[in-house]
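Participant: give me a model of this one.
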Amino acid sequence: MNRKITGILSVLALSAFTFAQEPAAATAAPAASAPAAAPAEEAAPVAVRGADAAAPAAAPAEQAAPAAVAATPVAPAEEPVAEPAVVVAPKAVRGADDADKTAASAKAVEQFRDARNTVYYETVYTREDGVPVRTVYVAEREGKDTVTLDELRGLYPMKFKIGARGSVGAYQLAGNDWDSDQYNGISWRAGLMSIIPLNTYTMGIKLGVLYEQSKASESYYINEVPTNFRFSQKKIDVPVLFTFKSATSRIFFDLGVEMSVPLTDDLRVSYTDSNDKKHSNKIDLMDEYRSSLDCAFVFGFSVLANEYLSLDIVANLGVSDLYDGHLKYMNMNLDASSLNLGITVYPF
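Facilitator: Numbers count the residues shown, from 1 in each chain. So this is what the prediction gives:
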């Protein structure tokens, strides 16, 4: 009997255990079959412990049932890289289209190649009032409508020049003593002058060869008779001058000496006697009295109006006596001085 009871109790216990296991299996079965029944397009993402929240969103829609994912760390997404800024090329010409800009750039390059030591002005655009707005291209060679770099900077270089000078001015023969006689008149000169630079802007030498002709006269009483003395002279002048100026100026200051070689020198003495009779006597001073070389101290200044024309003011102060010896009724210790105004034309 004990065996029967033991067998019945065993059957009951097995049955109870079986019924106890079936509800759990039934509960697990719907959970496993539910994703298969859902449409592929509308599959609900399943929360997975330890997975990144963005991982289900990145999964394709075709994967209806996400596989079981273990608690694996997901690498963080890379930061977005900023796109490089767009660099806009500067416009060569305002308001111009691409073709105009290309042509202007090519023209500017060609100007740089073809020019030397100049500045080239190029029109950029025209304002509404019609006034052109220009820019400056520094070039290497002179061309049409160009200016030199010296002109742009306001500098005037000392250049080698040869020109023709003509001048006229006041002329005086006088002695060094307070009671010496004085003879006043005019002189004119014509000849060649040259400028030889010693540096780029400020210093040079002026050399010249000039023909001079002058007249000077005065009247004095000799034995209570009014007597007129008139000198007529011709000579060749050779000035040797140092000339100075500032780099930004066209005004030249001249300082130096002048040697003169006499060609002719005549003295005419005339008077009228008590009987109203006129007397005149001509004396050639070159024979016995005239010195062979005269020297004078020279200073003055010149204004260069442009590349080809100069206005000159020159003062000559004689430092040597013109005559040796003594002439009756007059003092021969005389030297020559003059103040001349002239124009020099530089064709080269």
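Participant: what sits against residue 302?
Facilitator: Residue 302 makes contacts with 243, 251-252, 254, 310-313, 344, as judged by CB atoms under 8 Å, 6 or more residues apart in numbering. To be clear about C-beta, it is placed using only N, CA and C from the backbone, and glycine gets the same treatment.
Participant: which parts of the helix or strand it falls within are buried?
Facilitator: Assigned by DSSP states H and E, residue 302 falls within strand 294-304. By neighbour count with 16 or more other CB atoms under 10 Å, strand 294-304 contains the buried residues 294, 296, 298, 300-302, 304.
Participant: and the strands in this structure?
Facilitator: Counting by DSSP state E, the chain has strands at residues 116-126, 132-140, 146-148, 161-174, 182-197, 203-222, 225-244, 251-272, 278-284, 294-304, 309-318, 335-345.
Participant: now mean pLDDT and distance to residue 325 too, for these, in a markdown table please.
Facilitator: A markdown table is the format used below for the strands of the chain (pLDDT from 0 to 100; distance: least, CB to CB, whole Å):
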| stretch | mean pLDDT | distance to residue 325 |
| --- | --- | --- |
| strand 116-126 | 67 | 61 |
| strand 132-140 | 70 | 67 |
| strand 146-148 | 71 | 58 |
| strand 161-174 | 95 | 15 |
| strand 182-197 | 96 | 17 |
| strand 203-222 | 94 | 19 |
| strand 225-244 | 94 | 15 |
| strand 251-272 | 94 | 12 |
| strand 278-284 | 88 | 12 |
| strand 294-304 | 95 | 16 |
| strand 309-318 | 95 | 18 |
| strand 335-345 | 95 | 15 |
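Participant: in TSV: these, plus distance to residue 155.
Facilitator: Output for those, formatted as TSV (distance: least, CB to CB, whole Å):
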stretch	distance to residue 155
strand 116-126	13
strand 132-140	15
strand 146-148	9
strand 161-174	17
strand 182-197	13
strand 203-222	14
strand 225-244	15
strand 251-272	14
strand 278-284	54
strand 294-304	13
strand 309-318	18
strand 335-345	22
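Participant: buried ones among the contacts of residue 302?
Facilitator: 243, 252, 254, 310, 312-313, 344.
Participant: what comes into contact with stretch 275-283?
Facilitator: With CB under 8 Å, 6+ apart, stretch 275-283 has contacts from 266-273, 327.
Participant: related to what we said a few turns ago, what angle separates the strand holding residue 302 from strand 335-345?
Facilitator: Interaxial angle, strand 294-304 versus strand 335-345 (axes from the mean of the first three to the mean of the last three CA atoms, to 10 degrees): 30 degrees.
Participant: listing partners with orientation, what would you give for strand 294-304?
Facilitator: strand 251-272 (antiparallel), strand 309-318 (antiparallel) (DSSP bridges).
Participant: can I get that strand in CSV, CA atoms only?
Facilitator: Only the C-alpha atoms of strand 294-304 are listed here, as CSV (Å, rounded to 0.1, in the frame of the first residue of the first chain):
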residue,chain,number,x,y,z
ASP,A,294,90.7,139.1,-66.9
CYS,A,295,89.3,137.3,-63.9
ALA,A,296,86.0,137.7,-62.2
PHE,A,297,84.1,136.1,-59.3
VAL,A,298,80.6,134.8,-60.4
PHE,A,299,77.5,134.0,-58.5
GLY,A,300,73.9,133.7,-59.5
PHE,A,301,71.0,131.3,-59.8
SER,A,302,68.9,129.6,-62.5
VAL,A,303,65.3,128.4,-62.5
LEU,A,304,64.7,125.4,-64.7
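Participant: and the angle for that strand with strand 225-244?
Facilitator: 60 degrees.
Participant: may I have the beta-bridge partners of the closest residue to residue 301 other than its chain neighbours?
Facilitator: Sequence neighbours aside, residue 253 is the residue nearest to residue 301 in space, at 5.0 Å (criterion: CB to CB, 6 or more residues apart in numbering). On the basis of DSSP bridges, residue 253 is bridged to residue 244, residue 301.
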